[in-house]
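Trainee: Next input, structure requested:
(3 chains)
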Amino acid sequence: MAFLKDCWYCAGWSDSVTNQPSEIVICGEELALYRDSRGEVVALGNRCPHRFAPLSKGKVINDLLRCPYHGLEFDCTGMCAANPHGKKIVPSNARVKSYPVLEKHGAVWLWFKDSKDPDPTLLPPYGFIEDPRYAVAKGYFKLKANYQLLNDNLLDLTHSAYIHPTTVGLPAHLAIKVEYKVRTEGNIIRSERFLPEVPPTPQFLDLFKDPVGDIYSYLSWYPPSLMLLDLSVVPEGTPKRSIENPDADALLIPGAHIIVPETEHTTHYFYAVSRTGAIHDERKTEAMKALSYQTFANEDTPMIEECYRLMEGQDFNALNPAIIESDRGGILARRILAKLISEQSHGPSPRGT
Amino acid sequence: MAFLKDCWYCAGWSDSVTNQPSEIVICGEELALYRDSRGEVVALGNRCPHRFAPLSKGKVINDLLRCPYHGLEFDCTGMCAANPHGKKIVPSNARVKSYPVLEKHGAVWLWFKDSKDPDPTLLPPYGFIEDPRYAVAKGYFKLKANYQLLNDNLLDLTHSAYIHPTTVGLPAHLAIKVEYKVRTEGNIIRSERFLPEVPPTPQFLDLFKDPVGDIYSYLSWYPPSLMLLDLSVVPEGTPKRSIENPDADALLIPGAHIIVPETEHTTHYFYAVSRTGAIHDERKTEAMKALSYQTFANEDTPMIEECYRLMEGQDFNALNPAIIESDRGGILARRILAKLISEQSHGPSPRGT
Amino acid sequence: MAFLKDCWYCAGWSDSVTNQPSEIVICGEELALYRDSRGEVVALGNRCPHRFAPLSKGKVINDLLRCPYHGLEFDCTGMCAANPHGKKIVPSNARVKSYPVLEKHGAVWLWFKDSKDPDPTLLPPYGFIEDPRYAVAKGYFKLKANYQLLNDNLLDLTHSAYIHPTTVGLPAHLAIKVEYKVRTEGNIIRSERFLPEVPPTPQFLDLFKDPVGDIYSYLSWYPPSLMLLDLSVVPEGTPKRSIENPDADALLIPGAHIIVPETEHTTHYFYAVSRTGAIHDERKTEAMKALSYQTFANEDTPMIEECYRLMEGQDFNALNPAIIESDRGGILARRILAKLISEQSHGPSPRGT
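Mentor: From the prediction side, this is the model:
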C-alpha cells in the first residue's frame, strides 16, 4: 500500500541529529541526516548514486556530505558538488533526493512531497513539548507492525483496562459510564472520552489532590499518524482545561504520539509525555518516563506485533473485521488516509502528481 | 500443497492443555486451546475477528475465552458471546472457527473437518500409552521440515544402522538377512521387518534376558502421519506377541510417532515410548526417555532438516528421486496421502466439500 | 542472473580438503568434496538422489562416498556404486553430478562446464603462492553481497584512501598525481596505477628501506572474478620488477584475490598475500596476515555489504549508476562477464550448450 507523501514525518528528536551523519528509513526510503555548520538539518537520500554506498556512514566536510567509499561530495540540495578523482568530472546523474526540513517542537520533520509544498500548519499543536510550564520526557522505540495498527490502538482507548491495568488503565474504569464522542474536523479526528468521578490512573503519579476527579481523555489525530492525547483530571464538576492554559487545580498530562512508518511492516514510535504538576520533581519525571516506556513498549507493542503477525500479510478489510462502536475513530482514520493517498496518486491536482 | 482435513491432528499431550489458554499452529491454522470448568477441551481459531489479537493470550472467564486486547468474549462454538463496550452490540461476523475435540490415549486430538464428520475409529490403537502394564515416556519437539519426510523416515527403518548406531540401530544388523514385507489395508500401511537371532539394540535397555533373540519391527501408518511402531524381542523361534497381550518372556517396546504438520515447512513431533519390562524401575524409564530424545531429536532431526533444506522448496517428485526396494512404504504413504487430499478437494462427496 | 560456467572456481585451499568430506556451495550448487586414497580430490553434487541427504555428512569407504542416511555409495564419477539394501539393485538415476578438479597454486579448482572442456590456462599466474622466494599468508571469509561488487571494489583502488587509511591506503596519496591506465587483453583486464615518490603504505610493513619510493599497483582481472594484485615499491626512477624476477632492491607484495559466488547474494573470498622481504620473519608474517584480514574482512566487507543491501535486489544497470573515470575497470569487467555469460547460454557452440 502506498504511503501518504504530502505530510510531515518525524525523523528524530532534535538532539539526535548532529554534524555526525545518521540514518533512518521512512516510508521505505533510506535517508541520511546531518546538521550543517549553521545548525540547519540536511536530509538526503542515503544511497550514493555512484556505487550505492551509505552516505550516512560518511563525513561532513565543509557542510558537504562525503561518501565513505570513493569520496564523492554532496550538497544540501542532493547534487554532487565534488568528484576527487581523475579529471574531477561530475556526472549529471550524480545526485540524491533531498527533503524539505522543519525543526519544531523539539523534533526534526521531513516533508515527503508529492504534489504540494511543505505546509507547517499540518503539524499538531505539540507546543507543550517545549513549554516551560510542563515537565517533559521523550522516548523512541520501534515496532514490527504496520503503522495503521498504532492509529487503531490510540484511537480506541477501551483497551487500557485490559492491557494497561497497572499503568494507564484501571479495571475499575470498566464499570464507569463513559461518555464517548468522535467527530471529524476536515481531515482531523477528535475522539473525546469523559470519565466522571473516577480515581486517577497510575500515570497521574499521585499528583492529583482528590481521591476521585473527572478525567478528560481527548485524542486528536492528524494524518497520517500524528496524535495528541490531551489527558487531564480536574476537580469534579469543573470544566476541561486547555493545554495552553493549565492551572493548579487541574492536572494536565498531554502526550505526543508520533507514529512514523519505517516500512510497510515496521514502525517508528516517537513519544513525548508531560505533566503540569511538580514539574521540577526529578523522581516524578523518572517515574513518568518509566511508566510511559512500560505502557507503550512493553504492553502495547507485544499486543500490536502479535495482531500484525496474525494478519499474515493480508489487507485489513480483506480480513472482514468485526466492527464495534468503539472502533469509530480507527475506522474514520483508515477512511481519511485511504482518501488522501488515493487523491495524491490519482486525483486532479493543480501541479500534477 | 494442501493438507488432509478429514483426519485427527494431535494438539498436545493432555496435561499440556489447562484452563490457562495455550496456542498451537496446525496445518498453518492458528489455534487457541483451553480446558473449561467441566474439564472439556475447547479449540478455537486464535485470531480475534475484531482486531486480530491472539485469543490464546487472553483469559478464561466463566468458560468463555476473553480477548486480551479489547475484551470480547467467545464461547466453545466460536461465537462472540459478549462485547463489553458501549451498547454492547455483538456483530454477526464476530466469530472464530471451532474444532471438534477428542481426548484419548493421553492426548488431545482435533478434527480438521473437510467433508466428513469426526471419526474416532481413524486413530491408531495407541492403547498402550495408558495401559498400566507398560512404562511410558512422552515427548515433543519441532522440526524444520515438511511432515512427509517424517513418514519417509519411519516407514524405512534401514536408516537405523547408519544414523542410530548406538541407540536404536546396530551396525551388526546390516549383515542380517532381514525379512521385509509391506502391504496396505485400505488406507493403512503395514511395514513388517523380522530380524532373526540378533542381539537386541540399546533401546531394549538390557532388559531382554538372552544375548540374542528374534526382533519384530512392525510399523503401522495411518493417514496422514500417525504411526505405531510395534517393536519387540522374543525368544528365538517363538511367535510375535500382540501389544494387547504382553507376556514376561518377550520384551515389548511399542512407540507412538505422532507427526503433525505445523506449516508446510515445519512439523510437530509428539512421541510416546514404552516397555513391558521392569516397568517400575525409574532409572530405566529415565534412560528410555533420554535414549528416545537422543534418537529422534538429535539423530533423525538434523538429517531430516538437512534433506529438506537440500530439496530447496522443490516438490518430491519433481526431484526425480532414485527409488529402491526399501522405499516401498514411504512411496505408498505419499500415494495414499495424495489420493485422499485430492478426493477431499475435488472428488464427489455426499455432502460436497 | 546466470553464472559463468566455462571457468574455474576455487573450492578451498588444498589443506582444507581431506579424506573427511566437506561441503561448499558455489554458484548456488551444493557440493561435497573429499580426497581419495591416492590424494586426488573428488567433487560431487552434495544431494543424494535417493532421499536428498547431504553426502558431505557421510564417510569415505574404499574411496567411495557413503550417504549418511541410508548408505548408498557413490564413486568419483558420481555414479551410485552400491546399494546395501534388499536385492541391492542400483537405479539408473542414482547419480550425482561430478566436477573436473584441478589442484594448483595451493588451491582446489573446479570446472563448472557449460560447453567447453577444462582449460588450465584460464587460471591467473598465481605462482608466487608456492614460490619459496615469497612469504605467504592465506585467508578466507564470506560476504553477504553479489560477487560482482568485489570486482568493482578491487578494480577501483581509489577507495583505499577512504576506507583503508591505516592499512593499505594513505590519505596522503590523495594529493598525488596518479597515473592510471586500464586496458584489455582478450577477456583479461589490466588496470595499472603508478604512484611516484610516495611513502609506502602500512601493508609494506616498514620493509622498504627508503622513506619514499615509486609504487606500482597493477591489477589483472580474469573472468569471472579472479584477480592478481601485483603491488610493489621500487627505488625512485627504477622500473617495475616482474613477480617472476624479484630482487632485493624492490619490495614485491603480490596478492591473489579469488572471488567465488556462493549464491547470487553471497560470496566466498579466498585470498593469499605475500612479500619478498624478510620472508623468514614470523612476526612480520603474522602482521601481514592480521593487516590483510583487517583490510578485507573488517574494512571492505561492511562497506560492500551495505552497498549491496542498499541496492535492494535491483539490477546494477537499472539503478542508473553515476559513472566516473575510475570506474573504467569495473565497467569493463561487467561488460566482459555479461558477454561471456550470454555466449555460453545463447551463442553458437561447436558442441551445443
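
Trainee: tell me, how many neighbours does A:E282 end up with?
Mentor: Using other C-beta atoms under 10 Å in any protein chain shown, A:E282 has 9 neighbouring residues. Heads up, the C-betas are built off the backbone N, CA and C, glycines and all.

Trainee: likewise A:G277?
Mentor: A:G277: 21 surrounding residues under other C-beta under 10 Å.

Trainee: Kindly report the same for A:C10.
Mentor: Close neighbours of A:C10, defined as other C-beta under 10 Å, add up to 22.

Trainee: Is the residue most central in space within chain A in a helix, a strand, or coil?
Mentor: Centroid-nearest residue in chain A: A:I258, 1.1 Å away (criterion: C-alpha atoms, centre = their mean). Under DSSP: H, G, I helix; E, B strand; the rest coil, A:I258 falls in the strand class.

Trainee: From chain B, how far off is the closest residue to it other than its chain neighbours?
Mentor: Distances taken as C-beta to C-beta, 6 or more residues apart in numbering or on different chains place A:F270 nearest to A:I258, at 4.0 Å, with adjacent residues excluded. From A:F270 across to chain B, the span is 23 Å (C-beta to the nearest C-beta, to the nearest Å).

Trainee: Show me what from the stretch 151-300 of chain A comes close to chain B.
Mentor: Within the stretch 151-300 of chain A, the residues that sit near chain B (C-beta under 8 Å from any C-beta of the partner chain) are A:152, A:156, A:158-159, A:161-163, A:174, A:180.

Trainee: For burial, what's the neighbour tally of A:G139?
Mentor: When counting by other C-beta under 10 Å, one arrives at 15 neighbours for A:G139.

Trainee: pretty sure it is in contact with A:Y293, am I right?
Mentor: Yes - assessed by C-beta atoms under 8 Å, A:G139 is found in contact with A:Y293 at 6.0 Å.

Trainee: In helices, which of the residues of the stretch 151-300 of chain A next to chain B appear?
Mentor: A:152, A:161-163 (DSSP state H).

Trainee: so A:L291, which of the three states?
Mentor: helix.

Trainee: Report the contact partners of it.
Mentor: The contact partners of A:L291, taken as C-beta atoms under 8 Å, 6 or more residues apart in numbering or on different chains, are A:167-168, A:202-203, A:205.

Trainee: between those residues, which is nearest C:L123?
Mentor: Nearest to C:L123 among the contacts of A:L291, counting by C-beta to C-beta, is A:T167 at 67.7 Å.

Trainee: The residue nearest to that closest one when sequence neighbours are not counted: how many residues sit nearby?
Mentor: Spatial nearest neighbour of A:T167, excluding adjacent residues (C-beta to C-beta, 6+ apart): A:T295 at 4.5 Å. For A:T295, the neighbour count with other C-beta under 10 Å is 22.

Trainee: do the same with A:L228
Mentor: Neighbours of A:L228 (other C-beta under 10 Å): 21.

Trainee: So the residue nearest to A:I258 belongs to a strand, correct?
Mentor: Yes - A:F270: assigned to a strand according to three-state DSSP.

Trainee: Let me see the contact set for it.
Mentor: By C-beta under 8 Å, 6+ apart, A:F270 lies in contact with A:10, A:12-13, A:107, A:138-140, A:256, A:258, A:260.

Trainee: A:L33: what secondary structure?
Mentor: Following three-state DSSP, the label given to A:L33 is strand.

Trainee: Domain map for chain A?
Mentor: For chain A, automatic domain parsing gives the domain ranges A:16-100, A:126-342.

Trainee: Reformat those domains as a markdown table; add mean pLDDT.
Mentor: A markdown table is the format used below for these (pLDDT from 0 to 100):
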| stretch | mean pLDDT |
| --- | --- |
| domain A:16-100 | 97 |
| domain A:126-342 | 95 |
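
Trainee: now those domains in a markdown table, with distance to C:N320?
Mentor: Formatted as a markdown table, those follow (distance: least, C-beta to C-beta, whole Å):
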| stretch | distance to C:N320 |
| --- | --- |
| domain A:16-100 | 6 |
| domain A:126-342 | 23 |
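
Trainee: Can you say which of those is nearest to B:A145?
Mentor: domain A:126-342 (21.5 Å).

Trainee: give the contact list for the residue in the stretch 1-150 of chain A that chain B sits nearest to.
Mentor: Residue nearest to chain B within the stretch 1-150 of chain A: A:L149 (8.0 Å; C-beta to the nearest C-beta). Contacts here follow C-beta under 8 Å, 6+ apart; on that basis A:L149 touches A:304, A:307-308.
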